[in-house]
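In: Need coordinates for the following:
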Amino acid sequence: MYTNLFDSTTIPILQEALQFHQARHAVLAGNIANLDTPGYRVRDLPVADFQEQLQNMIRRRHDPRAAGSPGLLAGGVKSGKAITAREPETILHHDQNNVGIEYQVTEMVKNQMQHNMALSILSSQMRLLQTAISERL
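Out: The predicted structure follows:
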């Protein structure tokens, strides 16, 4: 009963977005923590791939016959693995480290803003459901 109630909202999509942004935040924080580690290579989660999968999930929600695999984060984020992303637009330092602090902080701020937006929408959805349930009593 509750599964159908939640599946008819944007809650499952927002949940996936929140999980992705939380996992990405940890990866970006690890990049910053390894700023002075010789030979460290920047890691990131594939944002473009996630956004594409999220769009497919939204399409499947409106058209159940649409192709796509269930669960957006099944191989990367849920297993805790971060993949090496594109070479960042930063300088390779003398110790073979390619972490650019400005780039990493910028990505972390963008990621945090996207997380906050998804959390805000999810909170709004929960308030709407709570109002709907309390009105029935």
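In: Low-confidence bits of the chain, can you list those?
Out: The model of the chain has pLDDT under 70 over residues 1-8, 62-97, 136-137.
In: Check it for its longest helix and report it.
Out: Across the chain, the longest stretch assigned as helix under DSSP state H is helix 101-136.
In: Show me which residues of that helix are buried.
Out: Neighbour-count burial for helix 101-136 flags 103, 104, 107, 108, 111, 114, 115, 118, 121, 122 (criterion: 16 or more other C-beta atoms under 10 Å). (C-beta placed from N, C-alpha, C; glycine too.)
In: Kindly report the same for stretch 32-46.
Out: Using 16+ other C-beta under 10 Å as the test for burial, stretch 32-46 gives 34, 40, 41, 42, 43, 44, 45, 46.
In: distance of the first one from residue 104?
Out: When distance is defined by C-beta to C-beta, to the nearest Å, residue 34 is 10 Å away from residue 104.
In: The third one now?
Out: The spacing between residue 41 and residue 104, counted by C-beta to C-beta, is 13 Å.
In: quick one, what contacts the closest residue to residue 18 other than its chain neighbours?
Out: With sequence-adjacent residues excluded and distances taken as C-beta to C-beta, 6 or more residues apart in numbering, residue 18 is closest to residue 118, at 5.3 Å. The neighbourhood of residue 118, defined by C-beta atoms under 8 Å, 6 or more residues apart in numbering, consists of 14, 17, 18, 21.
In: Please list the members of the residues you listed that lie in helices.
Out: Judged by DSSP H, the contacts of residue 118 include 14, 17, 18, 21 as members of helices.
In: Give me the neighbour count for the second one.
Out: Right, the one you point to is residue 17. 24 (other C-beta atoms under 10 Å).
In: Can you tell me the closest non-neighbouring residue to it?
Out: Spatial nearest neighbour of residue 17, excluding adjacent residues (C-beta to C-beta, 6+ apart): residue 118 at 4.3 Å.
In: Pretty sure residue 61 sits against residue 13.
Out: Yes. Contact criterion C-beta atoms under 8 Å: residue 61 and residue 13 qualify, at 7.1 Å.
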